[in-house]
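Chemist: Below is the sequence, then the predicted model.
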Amino acid sequence: MANFNTPDEKETPATRPPPPKLDFVLRDVLHNHKGQWPRMMPREPFAAADYWTSMQEPPKERERPEWLSKSTPSDPHAGGWQTPYIDRVHHNLRKFLTLTPNDQGFVIDNIQAGYPWCGDNMDFYCEVIKSTGVMREFVSNHGKAPDGLLPKEYTAAILKQVQKLAAQWSSNLPYEKNERLA
């Protein structure tokens, strides 16, 4: 696993500032949204940042911080850090804190059930959960993922679930545990 906070040493001249630290970035977001934390999140900002980070997919090698040089003759060391992993986790937290408490609970329950959330709107996230469930069922029944398109019966099952979800979404029923996916 890549250390998302450590750039390659050979690329980091001493004149550059270090890349931002994830826990400090998240702490600032949490501080600005203090009243919107879900009940399951720790009340101390750094503990809450660690909690949120643990709910995210781990960083990928391509998400390592990278220095973007903007050097000029007057300032040869100008530039800034591109931090894809920190940006992703930061974006997801900001989106999460704008959700209703019911949707926050829904997202946390499903992250813990193995369905990562990427800051998607709730309609799309429900579709991802349903489609992933159908695919997991297919793999468990057949031992491998299908080649090419899904068989017709699984495509029909996905369509049926999406139609059912559309009816539920339009009624705006409150969320109770995994009721949204029933």
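Modeler: Sure thing, it's come through.

Chemist: which residues of the chain score low on pLDDT?
Modeler: Of all residues in the chain, those with pLDDT under 70 make up the ranges 1-14, 76, 142-159, 161-182.

Chemist: What's the local residue count around the closest residue to L99 other than its chain neighbours?
Modeler: Once flanking residues are discounted, L99 sits nearest to V107: 6.7 Å by CB to CB, 6 or more residues apart in numbering. (Each C-beta comes from the backbone N, C-alpha and C, glycine too.) Neighbours of V107 under the rule other CB atoms under 10 Å: 23.

Chemist: Repeat that for F106.
Modeler: Using other CB under 10 Å, F106 is surrounded by 24 other residues.

Chemist: And W117, by the same measure?
Modeler: Residues near W117, counting by other CB under 10 Å, number 21.

Chemist: same question, Q104
Modeler: 20.

Chemist: Which secondary structure element is home to it?
Modeler: Element membership for Q104, per DSSP states H and E: helix 101-112.

Chemist: all strands in the protein, in order from the N-terminus.
Modeler: 66-69, 79-82 (DSSP state E).
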